[in-house]
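K.L.:
sequence-free structure coming up:
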């Protein structure tokens, strides 16, 4: 059974930082591309960041470029999202997702397993 479990969300003031984690089980982590998406109330689920299978290539949405960093630990089977300089518009539920492949990808439909999400709220 494949499971992705996110953690690390919470309430933070604008300008602050959070680090999200996502642990995966039931799949061979080193074969997977990993991604982070977010969904605000009433909005679509949008791409945030992705990392290639080997960790050498990353891909970011324009809105988070330079503020967020995605990384992975293949031993711990965990992907991270370090979020700095947070803004109120970053408020959303953040989801991690996995896909079999090599290259970091941006399209939601290319991911086949998803976590339940973790809430991030940034106050002004």
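P.N.:
Thanks, I have the structure now. Fair warning: this is a prediction, and the values are worked out from it, not measured in the lab. Numbering: from 1, shown residues only.

K.L.:
roughly how far apart are the spatially most central residue of the chain and residue 105?
P.N.:
The chain has residue 36 as the residue nearest its centroid, 2.4 Å off, counting by Cα atoms, centre = their mean. Applying Cβ to Cβ, to the nearest Å, the value for residue 36 to residue 105 is 12 Å. Bear in mind the C-beta positions are built from the backbone N, C-alpha and C, glycine included.

K.L.:
what is in contact with the two at once?
P.N.:
Common neighbours of residue 36 and residue 105 are listed as residue 50 (criterion: Cβ atoms under 8 Å, 6 or more residues apart in numbering).

K.L.:
contacting residues around the residue nearest to the centre of the chain?
P.N.:
Counting by Cβ under 8 Å, 6+ apart, residue 36 has contacts 20, 22, 48-50, 70, 79, 81, 94-97.

K.L.:
in the helix or strand where residue 33 lies, what's buried?
P.N.:
Taking DSSP states H and E as the criterion, residue 33 maps to strand 32-39. Within strand 32-39, the residues scored as buried using 16 or more other Cβ atoms under 10 Å are 32-38.

K.L.:
go on, stretch 16-35?
P.N.:
Buried residues in stretch 16-35 (16+ other Cβ under 10 Å): 18, 20-24, 27, 29, 32-35.

K.L.:
you'd agree residue 88 is up against residue 122?
P.N.:
Yes: assessed by Cβ atoms under 8 Å, residue 88 is found in contact with residue 122 at 5.0 Å.
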